[in-house]
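*Asks:* Make a model of this:
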Amino acid sequence: MAIAAGTAQASSVTKTTVLGVAVYLAVLAVNVLPMCGLTWLERNREQQTSERKQALDEVSEANRRLEATLAENAGLHEQLLTQAREAGVADERARMAREIHDTLAQGLTGIITQLQAAEQAGQDPAGWRRHVSAATRLARESLTEARRSVDALRPEPLETGRLADALTAIAERWSALHGITAEVTTTGRARPMLPAAELALLRTAQEALANVARHAQATRVRLTLSYMEHDVALDVRDDGRGFDPAQLGDRAAGNGAAAAAGAGGANGDGGFGLVAMRQRIEGLSGTLRVESEPGAGTAISARIPAVPARADR
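*Replies:* All right, here's what the predicted structure looks like:
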């Protein structure tokens, strides 16, 4: 178009001479250069406009995706909060169930045993008073421990001494109550542990002793607390009647603590205490093993990693 316009404008110019050709080319240049420049600018403007539109579309799409992601995250956050609340409720229920078993259930079992013994000792005033006194003491101790469990406090023996001392005190009281010799031995260098670890081992010892009293018909029990380089182990061995672990079938394989209940898995609490024993130990990345043979007694071994307690405990 510029060439046509320039040619029309220079129609009167003689193109047979050098000067005429030069004038003709100058007229063409005056038309072609501005028009090409304007065309280039217009094309560049349109290209920039297209790029801006594309960028705006991409930003809008990114904002849409971000809003969708934020909405999805809000939903997931709400689900996580709900699951966390449910998990917290379940954990607290499980903790309370374990604590109730370890305090009230065991204490009531001991009280019933002492009251039955007192009833049988009706013709022996001294024996009757001894059993009633033991039942009263058990009731008071169980009430104290139940209150401490509700307040999520550590058992009193662990508040006033180390784990070895607490095991010794528990074994002495249990031995005096049931008339069965109980010995506590500590090996290795004793050192403070995490409160949860000490509590788990203490409750394991209590449950094992309770099972011995209910099922083993033993005359001697030995508790061994072993401090090793990387682990701390508690072994409880009795010389009772024992049992055949195969009789427990899948229960013994899947829940070794159930073996502590004795032959046939008899247990006055429906086995919950044995399950709680395993849960406590495995909850601390530990292991629980049970070995027994008919007439050869039973051995329970609980082992957990030896994580030291903080210095400011």
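
*Asks:* what sits against the closest residue to residue 178 other than its chain neighbours?
*Replies:* Closest residue to residue 178 apart from its sequence neighbours, by Cβ to Cβ, 6 or more residues apart in numbering: residue 213 at 4.9 Å. For glycine as for every other residue, the C-beta is placed from the backbone atoms N, C-alpha and C. Residue 213 makes contacts with 113, 174, 178, 180, as judged by Cβ atoms under 8 Å, 6 or more residues apart in numbering.

*Asks:* Of those, which is the nearest to residue 13?
*Replies:* Checking these against residue 13 by Cβ to Cβ gives residue 174 as the nearest, at 128.1 Å.

*Asks:* What is the neighbour count of that closest one?
*Replies:* Counted with other Cβ atoms under 10 Å, residues neighbouring residue 174 total 20.

*Asks:* Make sure it is indeed in a helix.
*Replies:* Yes - assessed with DSSP: H, G, I helix; E, B strand; the rest coil, residue 174 lies in a helix.

*Asks:* OK, contacts around the closest residue to it other than its chain neighbours?
*Replies:* Spatial nearest neighbour of residue 174, excluding adjacent residues (Cβ to Cβ, 6+ apart): residue 209 at 4.9 Å. Shown in contact with residue 209 (Cβ under 8 Å, 6+ apart): 170, 171, 174, 182, 221, 236.

*Asks:* which residues of this protein score low on pLDDT?
*Replies:* Counting by pLDDT under 70, the chain shows low-confidence ranges at 88-89, 92, 95-96, 98-103, 147-157, 159-161, 245-274, 309-313.

*Asks:* any chance you could map the helices in the stretch 201-313 of the chain?
*Replies:* 250-254, 272-282 (DSSP state H, counting those that start in this stretch).

*Asks:* distance between the strand or helix carrying residue 145 and the chain's centre?
*Replies:* When elements are defined using DSSP states H and E, residue 145 is found to belong to helix 125-150. Offset of helix 125-150 from its chain centre (Cα atoms, centre = their mean, to the nearest Å): 35 Å.

*Asks:* Packing partners of it?
*Replies:* Under the contact criterion of 3 or more Cβ pairs under 8 Å, 6 or more residues apart in numbering; DSSP states H and E, helix 125-150 touches helix 18-100, helix 106-120, helix 156-160.

*Asks:* Return the set of buried residues in that helix.
*Replies:* 128, 131, 134, 135, 137, 138, 142, 145, 146, 148, 149 (16 or more other Cβ atoms under 10 Å).

*Asks:* Could you double-check that the first one sits in contact with residue 120?
*Replies:* No - taking Cβ atoms under 8 Å as the definition, residue 128 is not a contact partner of residue 120, at 9.1 Å.

*Asks:* which non-adjacent residue is nearest residue 282?
*Replies:* Using Cβ to Cβ, 6+ apart, the closest residue to residue 282 is residue 288 (7.0 Å).

*Asks:* hmm, I was thinking of residue 138
*Replies:* Nearest to residue 138 is residue 110, by Cβ to Cβ, 6+ apart, at 4.6 Å.

*Asks:* ok so, going back, can you put the contacts of residue 213 in a markdown table and add distance to residue 13?
*Replies:* Below are the contacts of residue 213 laid out as a markdown table (distance: Cβ to Cβ, whole Å):
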| residue | distance to residue 13 |
| --- | --- |
| 113 | 133 |
| 174 | 128 |
| 178 | 133 |
| 180 | 133 |
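
*Asks:* Out of the contacts of residue 209, the closest to residue 228 would be?
*Replies:* residue 236 (17.1 Å).

*Asks:* Bridging across strands, which residues link to that closest one?
*Replies:* residue 223, residue 300 (DSSP bridges).

*Asks:* Hmm, it is touching residue 225, no?
*Replies:* No - counting by Cβ under 8 Å, residue 236 does not reach residue 225; the two are 10.1 Å apart.

*Asks:* The two: which is more packed in?
*Replies:* Shown here are residue 236 and residue 225; by other Cβ under 10 Å, residue 236 has more neighbours (25 against 21).

*Asks:* For the more buried one, list the residues it contacts.
*Replies:* 204, 205, 208, 209, 212, 221, 222, 223, 299, 300.
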